[in-house]
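1. Pasting the sequence and the predicted coordinates here, then a few questions.
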Amino acid sequence: LDQIPADHIEKIELITNPSAKFDAASSGGIINVVLKKNKRIGLNGVASLSAGTPKLFSGNLSLNLRQGKFNFFVSAGHNQSGGKAKGNTLRENKSGGSVTDYFNQYSVNERSRNFNSVRFGTDIFISNRNTVTISQDFGKGIFGNEETQDQEYLNSSRVLERYGTRFSEDESGFNRNSTSLNYKFNFPKEGKELTADVRYNYGSRTSKSDIVNNFFNPDGTEYQPQAIVWNNGSSNEKQLTLQADFTNPVSEFTKVEMGVRSYHNKFVSFYDAFAKNNGQDIKLPLSNNYAYTEMINAAYFTYSYKKEDFSYQLGLRAEQAKFDGELVDSAYKFGYEYPSQLKNIWDALFPSFFITK
């Protein structure tokens, strides 16, 4: 959400009772962020700048051009923040109700966050009932943290036994892009419509960090050798979604919705963690390297009734899921297919019923 400039948001919808139209896994609720897309005749737009402390700055530009059967839109934004955060942790360790020792931490964390986004596309009004929309999104984020920490180890009498310092430096970033093609057909009957959507999301993430720990006796001599840990990781993801939906308000009080959806996801990730030991890098068990592909096919049907202050909704969703994963280093494979057999088809049906007074 941080990569979406606030000026680009038209409204935010909270769906507390998702119908069968939405994934079975979304039963807890859905937050739908609707972006602005102006369709006024001619050229118009909005530009904004803001600044603040600590190290806050953002700039946004949104332009729209409507000529004949074409509507062109473009928006871009930059958002950055930073500053220092100070924190203290004072800990009491007890055994049998009595204090055994104390451990205190005093930290200063200097952080930076940068987001850039560009979105552009066009609406093609083939006729007064047929509309095609093509859009492209590019998003990029870069994050950094530098933390310095002082540590105190005290005995039960609050006498210093040893102390330490910890320095950590973290860098991470992401590239997130999306290409979409949308078609909408409006029937003569108000509210009756057919939509078809194709969306391709792709991007990557990177991260790395270095941690250095030093421990000293109260007189400043070395308590134990310096401890160094470092790690780096990256991931790549490609997602393809195909979806078609049909809505028909049968009467003043009733409505029927139905549709199909196919989702495909390919994900690759690696993470390496090391510790320095006598000048040698020792790979830690935290390291992992895995990949998976995921597919979910679904179809749904809902029937809604609403009159005055009473309404109800009946829905049924069917989902078929397949997941194939692999731990690359060991060639260990894992996954599932659901339902795995035709006789288990009833386990792949998700009914829903909502009633409101």
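-> All right, it came through fine.
2. Check which residues of the one helix or strand residue 212 maps to are buried.
-> Assigned by DSSP states H and E, residue 212 falls within strand 193-216. If you call a residue buried by 16 or more other Cβ atoms under 10 Å, then strand 193-216 has these buried ones: 193-197, 199, 201, 203, 205, 207, 209, 211, 213-215. Placement of C-beta: from N, CA and C, glycine included.
3. do the same with stretch 290-308
-> Residues 290-304 are the ones in stretch 290-308 that count as buried (16+ other Cβ under 10 Å).
4. tell me the SS of the residue of the chain most remote from its centre?
-> The C-alpha centroid of the chain is most remote from residue 219, which lies 48.7 Å away (Cα atoms, centre = their mean). In three-state terms, and counting by DSSP: H, G, I helix; E, B strand; the rest coil, residue 219 is coil.
5. quick one, phi/psi of it?
-> The phi/psi pair for residue 219 (degrees, to the nearest 10) reads phi -90, psi 0.
6. who's in contact with stretch 93-105?
-> 87-92, 149-156, 158, 161 (Cβ atoms under 8 Å, 6 or more residues apart in numbering).
7. what's the average pLDDT for that stretch?
-> When the per-residue pLDDT values of stretch 93-105 are averaged, the result is 94.
8. circling back: could you flag which of the contacts of stretch 93-105 are buried?
-> Restricting the contacts of stretch 93-105 to buried positions leaves 149, 151, 152, 153, 154, with burial counted as 16+ other Cβ under 10 Å.
9. which is the next helix or strand following the helix or strand harbouring residue 150?
-> Counting by DSSP H and E, the secondary-structure element that holds residue 150 is strand 130-155. Sequence order places strand 160-186 as the next helix or strand after strand 130-155, per DSSP H and E.
10. and that next one, which residues are buried?
-> When neighbours are counted by 16+ other Cβ under 10 Å, the buried residues of strand 160-186 are found to be 163-164, 166, 168, 170-174, 176, 178, 180, 182-184, 186.
11. again, but for stretch 101-109
-> Along stretch 101-109, these residues count as buried under the neighbour rule (16+ other Cβ under 10 Å): 101, 102, 104, 107, 109.
12. orientation of the helix or strand containing the third one relative to strand 130-155 in degrees?
-> Taking DSSP H and E as the criterion, residue 104 maps to strand 98-125. Inter-element angle recorded for strand 98-125 and strand 130-155: 170 degrees (by axes from the mean of the first three to the mean of the last three Cα atoms, to 10 degrees).
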